[in-house]
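In: Here's my sequence, what's the structure:
(chains A and B)
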Amino acid sequence: MLDLKILQKCPELVERALAARHSDIKLADFKKLDERRRGLLSEVEALKSAKNKISAAVAGLKRTGGDAAALLRQSSELGARIVALDAETEATKSALDAWMLRLPNMPHADVPVGKDENDNVEVKKWGNIPSFDFTPKEHWEIGSGLNGLDFDRAGRLAGSRFCVSWRWAARLDRALVNFFLDVHTKEQGYTEVLPPQIVNRKTMTGTGQLPKFEEDLFKLEGWDYYLIPTAEVPLTNLHAQETLEERELPLAYTAQSACFRSEAGSHGKDTKGLIRQHQFTKVEMVRFAHPDASCAELELMRGHAEELLQRLELPYRVIVLCTGDMGFGAAKTYDLEVWLPGQNRYREISSCSNCGDFQARRAGIRFRPAGGGKAEFVHTLNGSGLPTGRTLVAILENNQRKDGSFSIPKALRPYMDGVEAIERCNT
RNA sequence: GGAAGGAUGGCAGAGCGGUUUAUUGCGGCAGUCUUGAAAACUGUUGAGGGUGCAAGCCCUCCGGGGGUUCAAAUCCCUCUCCUUCCGCCA
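Out: Okay, the predicted model is just below:
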């Protein structure tokens, strides 16, 4: 949610931001609603003030035994007008709130302006793209061939966009989770959290999934419960409606969770394999930062995600998303894209965003400045570190051999009982 | 699933229809005293919104929502959450 004051005082700034995002939201609607709300408020508050004065006068008369009949009549009349005006004010306020909740965040000043993913800017490349003396396979071929990934049985158990990982693949998934969490908690200063993976509507609204993106979520029928699409949701809302102390900042949390996404609107895209699933496991990082520090914190967190790819020896590049490609709540986003030989291109494996005070304002996450004074909104950041599925894809494709086997990255071997490669004979 | 008791400012905890602008304590902040600190004493200390150049004035908020009343933290209904006990259960 944006600051109401910015909308009122600098509408041209907001309009420019909306244009850069290619949003079709019109500020004229806001202006009309806000002016109406303020007019009604002034009117009804004047009436309430008058009524409060009458009530005080009645109290005085009751004490001294005077006759309050005339005042009581006056107060009743005022009351009726107040009820009607209150209802009108409330309706206007609700309409304004609903409008505000659907307004995306404003891009940070240094985000490149652009239309779609073609305008994203590459800022870094790491690692060497492997060359093969055979045609590299896609991950589902390798994974199925080695009896680790089973899409057919998953289809029968649930449907499309699900996968059964078993044997070495299940074990490797667990190894990745442990490896990621160990690096985050033991080396990068994150506090490990095991949050609920089902949350209510308010929580989903706090991080910006609702009200606008309901169709992307799985909802439990008959309950005010949604399956989380990412641990960013419970982690960021961990401090909803709280006022933190400045000295506590930055707070850094990491959690492993299942992520559930309806993938409505992506029919036909990545229908094969692990790239786009209804359920996947991801380790997420979330940071609560002082507003002055959030830009530097984004670089730091991006580095934390990069560290994992480097230790796994996976080639990747870093891009800054342009204004037109950024998510709803983000002010600035880096995507890490890992090289996939089977697809012969880079694919997103991590997204690290600075949301500024956008989520903090929705969820009510403040901090009290060290010198005292008014509480301010914190800045929230989130980043994948990393999803296990796409990481497995990258390992399979980059480390594959001609015979259909693949090697385990050295960093993971301690988590795999020292196994160096998965071959057909492995179970 | 059943029963009982709770939810009040950063925290603790009074208030149970109208001198309550929410008593008091702790904590925080400022000051007095002090070489400095502590202690003591004094003052101060919530959020959101409207209006105004400003000082200020005004409105709303005692878990959420609804109701009774001229007037609700206080009475009624309802929901949520917490505590205790019983039942069931991995």
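In: wait, doesn't A:Thr243 sit right on A:Arg368?
Out: Yes - the pair A:Thr243 / A:Arg368 is scored as a contact, 5.7 Å apart, by C-beta atoms under 8 Å. (Each C-beta comes from the backbone N, C-alpha and C, glycine too.)
In: Who are the packing partners of the strand or helix carrying A:Gln256?
Out: Taking DSSP states H and E as the criterion, A:Gln256 maps to strand A:251-260. Packing partners of strand A:251-260 (3 or more C-beta pairs under 8 Å, 6 or more residues apart in numbering; DSSP states H and E): helix A:168-182, strand A:191-193, helix A:232-236, strand A:279-289.
In: in the last one, what counts as buried?
Out: This points to strand A:279-289. A:279-289 (16 or more other C-beta atoms under 10 Å).
In: now do the first one
Out: Taking 16+ other C-beta under 10 Å as the basis for neighbour counts, the residues of helix A:168-182 that come out buried are A:168-169, A:171-177, A:179-181.
In: Tell me what angle that helix forms with strand A:279-289.
Out: If you take axes from the mean of the first three to the mean of the last three C-alpha atoms, to 10 degrees, helix A:168-182 sits at 10 degrees to strand A:279-289.
In: so A:Thr271 makes contact with A:Ser160?
Out: Yes - using C-beta under 8 Å, A:Thr271 is in contact with A:Ser160, at 6.9 Å.
In: circling back: between the helices and strands packed on strand A:251-260, which one is nearest to RNA strand B?
Out: When those are compared for distance to RNA strand B using C-beta to the nearest atom of the strand, the nearest one is helix A:232-236, at 15.2 Å.
In: Could you list which of the buried residues of strand A:279-289 also contact RNA strand B?
Out: Counting by C-beta under 7 Å from any atom of the strand, nothing from the buried residues of strand A:279-289 sits close to RNA strand B.
In: which outside residues touch whichever strand or helix holds A:Leu298?
Out: Here A:Leu298, judged by DSSP H and E, is contained in helix A:294-311. For helix A:294-311, the surrounding residues in contact (C-beta atoms under 8 Å, 6 or more residues apart in numbering) are A:108, A:126-127, A:179-180, A:183-184, A:188, A:250, A:285, A:287, A:289, A:316, A:318, A:332, A:334, A:336, A:338, A:349-350, A:352-354, A:356, A:379, A:381, A:383-386, A:409, A:411.
In: And A:Gly206, how close does it get to A:Met1?
Out: 10 Å (C-beta to C-beta, to the nearest Å).
In: Those two: who's more crowded?
Out: For A:Gly206 and A:Met1, the more surrounded residue by other C-beta atoms under 10 Å is A:Gly206, and the numbers stand at 25 against 21.
In: In contact with that one, which residues?
Out: A:233, A:236-237, A:240, A:359, A:362-364.
In: Tell me the one of these nearest RNA strand B?
Out: Nearest member of the contacts of A:Gly206 to RNA strand B, counting by C-beta to the nearest atom of the strand, is A:Gly364, at 8.4 Å.
In: For chain A, give me the ranges with low pLDDT.
Out: A:371-372, A:425-427 (pLDDT under 70).
In: Could you pick out the longest helix of it?
Out: Across chain A, the longest stretch assigned as helix under DSSP state H is helix A:27-64.
In: That helix and RNA strand B, are they touching?
Out: Yes - shown here: helix A:27-64 in contact with RNA strand B (C-beta under 7 Å from any atom of the strand) through A:38, A:41-42, A:45-46, A:48-49, A:51-52, A:54-55, A:58-59, A:62-63.
In: Using neighbour counts, pick out the buried residues of that helix.
Out: Buried positions in helix A:27-64, judged by neighbour count with 16+ other C-beta under 10 Å: A:27, A:30, A:33-34, A:36-37, A:40, A:44, A:51, A:54, A:58.
In: A:Asn382 pairs with what?
Out: A:Val286, A:Ser353 (DSSP bridges).
In: pretty sure it is touching A:Cys352, no?
Out: Yes - between A:Asn382 and A:Cys352 there is a contact at 7.4 Å, judged by C-beta under 8 Å.
In: In contact with the residue in the stretch 151-300 of chain A positioned nearest to RNA strand B, which residues?
Out: Minimum separation of the stretch 151-300 of chain A from RNA strand B (C-beta to the nearest atom of the strand) falls at A:Thr243, amounting to 6.2 Å. A:Thr243 is in contact with A:366-368, A:375, counting by C-beta under 8 Å, 6+ apart.
In: Among the residues you listed, which one is most surrounded by other residues?
Out: Compared across the contacts of A:Thr243, A:Phe367 has the highest neighbour count, 25 neighbours, by other C-beta under 10 Å.
In: So in terms of bridging, what pairs with it?
Out: Under the criterion used (DSSP bridges), A:Phe367 bridges to A:Leu244, A:Glu376.
In: Distance of it relative to A:Met301?
Out: A:Phe367 is 18 Å from A:Met301, by C-beta to C-beta.
In: Name the residues of chain A found near RNA strand B, please.
Out: A:4, A:38, A:41-42, A:45-46, A:48-49, A:51-52, A:54-55, A:58-59, A:62-63, A:72, A:75-76, A:79, A:243, A:372, A:374-375.
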